[in-house]
Structure formats: C-alpha cells, structure tokens
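A.B. asks: please work out how this folds:
(chains A and B)
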Amino acid sequence: MEKTIVKMENIVMEFPGVRALDNVSFEADRGEVHVLLGENGAGKSTLTKILAGVYKETSGKMFLENEVYEINNIREAREKGVTMIFQELNLVPHLSVAENIFLGRAPKGRFGIDWKKMNEDAARLLKSLHVDIEPTAVVKHLGVARQQMVEIAKALSFESSVIVMDEPTAALTESEIDELFKVIRKLKSENVCIIYISHRMDELLEIGDRVTVLRDGQYVSTVKVKETNVNELITLMVGRSLEQQYPKEIHEKGGVAIEVKNLSQNKNNLKNISFKAHRGEVVGFAGLMGAGRTELMRAVFGADRFENGKVFINDKEVSITKPGDAINNGIGFLTEDRKGQGLVLLLGVDQNVTLSNLDAISVKSILNLDKEKKLVRKHINDLSIKTPHIYQKAKYLSGGNQQKVVLAKWLTTQSDIIIFDEPTRGIDVGAKVEIYKIMNEMTKRGAAIIMVSSELPEILGMSDRIYVMREGEIKGELKYEEADQEKIMSLATGGR
Amino acid sequence: MITAESNKLKDFVMHNARDFATLLALIILGLIITIMEPIFFTSANLINVINQSAINAIIAIGMTFVILSAGIDLSVGSIVAFAGVVLGSVIKLGGPEGIMPLGVATVLGLGAALLVGTLCGTVNGSFVVFGEMHPFISTLGMMSIARGFALLWTGGRPIFGYHQSFRWFGNGSIGPLPTQVVLCVLLYIIAWWVLKYTKFGRYTYAIGGNEEATRLSGINVGFHKIMIFSINGLMAAVAAIILTARLDSASPISGLGYELDAIAAVTIGGTSQRGGEGKIFGSLVGSLIIGVLRNGLNLLNVSSYTQQIVIGFVIIFAVMLDMKTKKK
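C.D. replies: Predicted structure coming up:
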C-alpha cells in the first residue's frame, strides 16, 4: 500500500472578488497527523473544505488512494472515506449520541428503527476510542469535548480513512486536549490520516508529524515537525515584508482619552483586562480569532454586560451599561460585521448617518429634515462617500463606502474615541488607504482610535502601540518601534 | 460625493413606485367592478365602501407600525371586543337610572376604552421585550386573554342601546363626510407625520430594518417596541369606539378576524413582513382594496364563503408581486 493517501494538485478557489486559493498543492500520508498552518484568511479552511466536499474547487485535481477523487458534496466525500469535523460541531443537540452517529442511516428492524442494534453499534465505536460515553445520552447534555468524541465516532462509523479536524482544541481544557490527543494517536496507529488545522504552536509540535504552511492562499512550504521550531514556523507563516500601503502619520499624543482597568467578563472568558488609549494615538489590538478582542470592545461599548472592571474617560470614572452610555461619553464603535450590526441596509445613507444622533437634527423629538440633509451632505463630502444621492439605500453601496457611512454616523455623535473592529475587512485596496487616511485625519484632530484587526500588516502599519490578546487576556504590549510580526505571533499563539 | 444629479420628479416616482402600483390596482379594481355592476360607482355606494373600510383602515395604522418594526400582532380583534365592552358598560353607568350623568359616563367610557386597548398593547410589547418572546406567540396569548376578559366582563352578552350623541362616532357626520371617515383620514395624516418627521418614526423603521444595529446606535429598542405595540392597542380601541357606535352594540364576540384583515391591508399596501420597509398610506389603499373587493363581490352576489377564498388569493398574490419587484 502506498504511503500517500491524499493528493491535491494546483487547487484554485475563487469566490466573488477574491482568489482564496492560488495553485495550492498538498499531500498527506496514511497514519500521519498533518498540520495545516497559516494566518486567518490563509486558506486552510477553504482547502480542507474542498477536500471534504463543502466547496467545489474552481480548478485543480484531487486524488484519493491514487484514484481520481471527484466529489460534489459532503455526502459523496464521506462515502469515499473523507470526513471533516467542523469547528462549530454539526450534531443535533436534542438527539441521543447513537442517533447522531447513525443519523439518517439507522439500522432498520421489524418496527422501524432497530434501537438495540443502533445503541450497541454506537457503544462499540465509542469503546474503540476508549471514551466513556453512553450511547443513549442526549448530546446537548455533553460538554464540547465529548461532543467532539461523538463526531469522531461518527467519522469512524463511515470507515473514514481521512479525517479533517478544524481547530479541534479551540474550546477544550488542558485535560480534554490530552484525551483528544490520545484518541488521535489511536487513530494514527490504525493508519487513519488526520489533517489538523491549528494555530497553537505548542499543540502542533506535540501531535503533528508534518506541517504545511499556507499564506494568502498560496502554498509556502512543508516541513517535518522534528526538523523545525516555533520561530521558523512563524516566519514561514507571516513571511512578507511590510509594504508601503499604510500611510501612517504619527501625531502628538495628548492625555489619556480612555482607560479600562481590570475588566472581566465570565460569558466570554475575559480576564482582568487593562488598557488605555491616548488622544492622537492609534492603539492596535492583535490576536487570533477567538482571542476575545471583539468581545472586549463590545463590553467597553456597553453592548454586553461585564462583571468587573472600571472605565475611565478623560480620567473620570464612568458607568457604561448600554451603548447609549458609551455614545454619551464620546465612544463610537464600527463593528466587524458592518451589514449585520453597523448599518440598517434598507434605510438610506441619510438615515443611517443620523441614526445615532437624531437629537442633533431635532427639536423635542421632531425632525428637521432640511437640517438633516445639510448635515448628511457635509459628511458625504468630508469623507468622500460615493453615492448617487443621499437617499440611496445603504445596501447598494460598496464595502468601503458602507464603512464610511458607519464612520459618519459616529462623527455625528461627535465621538472622539473610535473603536474600529476589522476596519478594512471586505474592502478593496484603494478604499482601504482612504480609511487609513481618515484615521490619520482623526488622530491629528485629537481623537483616540482603538483598532482591532486580524491583519498583521494593518496592525503594524497603522498602530502607535499594540496590545496582543490570547484566550481572553492581554498577553503583551508592544510599542510601534519594537513590534514585528514574529513578536506579535508568538504572543498571540503562546509559542515562546 | 454625490455621484448623480437628482431629478426631483423622477426620484419621487421611483421612490413611490410601489405605492402608485397599489393605487393603480385599486382604480383598476374599481373600474372592473363598475363595468360589471354600475351601481358600484354611485356616491351612496362609494360612501358605503369607505365607511365599511374605515374601521379596518384604522386598525391597519397600528398594525403598520408593528409590521414596520418587524413584529406582528394577532390580538387586535380581541382588543376591539374587550375595549368595546368596557366602553359600553361604563356608558351604561350613566343616565337617569345610573350613578352619574350620561355625559360624564360617556367621556369616562371613551377614556377607559382607550386605556384598556393601550394597556393590552403595552402588555404585548412587554412580553416581547422582557420575555424575549416572538410577537407571534405573545399576541396569540393576548388574543385569547383579551377575548376571555371581554366574555367574562359581560357574561357573554352584548351591551346595546346608546344615546345619539355617542352614536355620532359611528353614524354621524362632519360636514358632508361621515365622522369615522374624517377620523380615519386624520389619524392617517398624524401617523404619516409621526413616521416621517419624528424620532419615534425613524426608530420604528430602523428597528425593523436591523434591530441590533439600532441598539448599537444607542437607541432604547425595548422601550420603542413597547410603545409600538401600545399604539397598536390604542388604534384597536379607537376602532372599538366606532364599531360600538355604529352597531349600537358592544359585543364580546365582535372583532373576530379583524387582525387578519388589518395584516392583509398592511401587506397589500406594500409593507414588508420582514420590517423596515413600507409606507403608511399603502395600508390605507390596502384597506380600501379589501373594502372595494368585498363590496364588489357583494354587489355581484358572490357568497361570503367565496369572498373569503378570493381575498385569500389576493393577499398571496400581492405578497408574491411584492417579492418579485423587490428582488429586482
């Protein structure tokens, strides 16, 4: 039997406007844990989703056990022995473990489902993984770790020879990770090929055999875990040098505009977070997805409650329990999900711009539409928002112009502490530079900007100071001069 | 920068295309019925149609607010009954045999009816906001609760026989126009003004368009939703006053199915069931379409059973047309 089981050649994947994968080739062996490594947006998930039949590649060839591997959906992939365990598990919460494992293909008896056989089969599978789960337990009562085991058992029930795991440890505790690794080693000894997506250096060094690094949708390199180290992997992962697409201007720093002390929130596992931002400063928040940056900003903005912590604006303690409180204190928040949380897409540009401060254009709750028109026109000109007329529905604007509309909304409230969460996601290059220039303009006038971004070049290119978060905590603070990609990544991934 | 020169007339037509279409549908419908049965186009009959449509049109005002904010309210029919019997029973406290002068009782009755209707709406809204319930469920509950109270209040019997000055609401007139028609038009103008020129109106659209974005813009979404449901209850109470005055009777089983007529009027009028989009006068035209259709079918001797089927198809057709045009 040949060693190589999966072979993907010159895979190209295009989504509208984006080339997510550019000629990527990839191989994995039987009995191997092959780690896929890369930054957010590097193409790891896309590549594995093509393998598992979630996406159909734009072009390229795939082979499984030396035979041409062509599939159209998840079911076909599974029948050929390829299963993917998604980050957000795909179990039916109200059904039992056995029902989930044999969903849609329960063994039939004389009166419908043969429950006895189904439960016995499930028990056998779970036992083979050495995990102690009752087949009749209802899935929603199990913890995430055990649900994952059920997913693995389900994959085995298809006699999968290739199992893809997308960040399987993201929600697990230390001891649960140990359990998972035991199961992975067991699968490995049975010649199953595991393709393992993870950000965590310590983890992949422990469990992986080989690592393939992707960057910006391109293949970078494949290395053996035994012959590499954390530093080399980080360099491979972030690679590129900083291009001059960041027109950063440094302005004089004023006083502390906002300071957060010891903020904790149980729901999102935020622990004891303290940070501050000066006037005239752009403070970057780096970290991996799920590090708690967005959750932190939502808490500071009053969108979610937090248990402990104090917020100071201009050195005065303030109480923020709802977005209105934050807005009254001069905070504006450009959410990462522009369409879902930033804009009312059905409303016109004019109504979106004035939504958060109708008081500015009204007397005793009665609107002055002429005043509104003038105010909106002014913002459209100041930010050069491109729109056919001020009543254009927000949904018809481009991403960059939509972002400017949200920004204009916070300018009407006279916000001078602006939180940008992923300010340029989904925005084309030209518009990105425009957004950066607006940031410069704002800091010049003494605003404080907090910028959450998963794009390292953006963080490095635009920040005066950088906080790095991991697992709900601030793990480090770097000045503009001392920051580089390697330092940030090693703080963000905990690889030291 | 503004990238296109605006052409005011063209903008106006484009902006209101959907409303013109609804209006056109109403006119065509009128023409067809007139051709088939000329009696339709006599002033007596037309006033009759408008009169019959007024109550539904008034309920549709509140329903427009609710649906614009992406809600729904199934309880308005029951609120009409509840507010009606409260009204009737309080008025009956007045007069020579009563405990107070008739005038006082009438004013108190009107106030009590409006209060009861509004409160039912407030309760609806509170369940939606604080109970985090889907409005379909909370108002379904209220549909039964308000009806139950109305039946309990009266022991299931109607309260009838009112003095003429109260009945003016249902069969009187202001100048050449029936009172209820004037009232209805007045309420529509106020509602239009509220939606276009007040913060409250703006928030109604914004909440329906994107509740989370509205909340993150610092707006107290919960308070506004409760207000919206309260307005709907208030409008149902106004309808109850007119209905009671017109029929000279407040019955605990009145208002059956009114919620469906109101929802249909709003929907035919072009307000999106997903909220955030729609115009108040569309609902007025929508109620007239339903009224004209009913009246026309009556004139043509179509049985009331068949009418239900026809109106059902009209609603489905209107929504289908709406979705088709919005996709473009």
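A.B. asks: quick one: distance of the strand or helix carrying B:Ile58 to the chain centre.
C.D. replies: Per DSSP states H and E: B:Ile58 is located in helix B:43-68. Computed by C-alpha atoms, centre = their mean, to the nearest Å, the chain-centroid distance of helix B:43-68 equals 6 Å.
A.B. asks: wait, does that helix contact chain A?
C.D. replies: No - shown here: helix B:43-68 not in contact with chain A (C-beta under 8 Å from any C-beta of the partner chain), separated by at least 10.4 Å. C-betas here are computed from N, CA, C, even on glycine.
A.B. asks: list the contacts for the most centrally placed residue in chain B?
C.D. replies: By C-alpha atoms, centre = their mean, chain B has its centre lying nearest to B:Ile59, at 1.6 Å. Neighbour list for B:Ile59: B:76, B:80, B:235-236, B:239, B:258-259, B:261-262 [criterion: C-beta atoms under 8 Å, 6 or more residues apart in numbering or on different chains].
A.B. asks: give the burial count for A:Lys154, as a bare number.
C.D. replies: The tally of other residues near A:Lys154 (other C-beta atoms under 10 Å in any protein chain shown) stands at 22.
A.B. asks: got the residue ranges for the strands in the stretch 251-400 of chain A?
C.D. replies: A:256-265, A:270-278, A:282-287, A:308-313, A:316-318, A:331-334, A:362-363, A:366-367 (DSSP state E, counting those that start in this stretch).
A.B. asks: reformat those strands as TSV; add mean pLDDT, distance to B:Leu247 and mean neighbour count.
C.D. replies: What follows is these, written out as TSV (pLDDT from 0 to 100; distance: least, C-beta to C-beta, whole Å; neighbours: other C-beta atoms under 10 Å in any protein chain shown):
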stretch	mean pLDDT	distance to B:Leu247	mean neighbour count
strand A:256-265	96	59	19
strand A:270-278	95	62	19
strand A:282-287	95	66	27
strand A:308-313	95	60	18
strand A:316-318	96	58	11
strand A:331-334	96	55	27
strand A:362-363	93	42	14
strand A:366-367	94	38	16
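A.B. asks: which among those is found nearest to A:Glu176?
C.D. replies: Comparison of those against A:Glu176 by C-beta to C-beta identifies strand A:270-278 as nearest, at 19.3 Å.
A.B. asks: that closest one pairs with which strands?
C.D. replies: Here strand A:270-278 has these sheet partners by DSSP bridges: strand A:256-265 (antiparallel).
A.B. asks: relative to strand A:308-313, how tilted is the strand it pairs with?
C.D. replies: Here the directions of strand A:256-265 and strand A:308-313 differ by 170 degrees (axes from the mean of the first three to the mean of the last three C-alpha atoms, to 10 degrees).
A.B. asks: what residues does strand A:256-265 touch?
C.D. replies: Where contact means C-beta under 8 Å, 6+ apart, the residues beyond strand A:256-265 that reach it are A:270-279, A:295-296, A:299-300, A:304-315, A:331, A:416-417, A:447-448, A:450.
A.B. asks: and it, how far out from the chain's middle?
C.D. replies: A distance of 24 Å separates the centroid of the chain from that of strand A:256-265, by C-alpha atoms, centre = their mean.
A.B. asks: angle of it against strand A:282-287?
C.D. replies: Interaxial angle, strand A:256-265 versus strand A:282-287 (the same axes, to 10 degrees): 20 degrees.
A.B. asks: helix or strand for residue 235, which one?
C.D. replies: Answering for chain A, as no chain was given. Using DSSP H and E, A:Thr235 sits within helix A:230-238.
A.B. asks: try again with chain B
C.D. replies: For B:Met235, the host element (DSSP H and E) is helix B:221-247.
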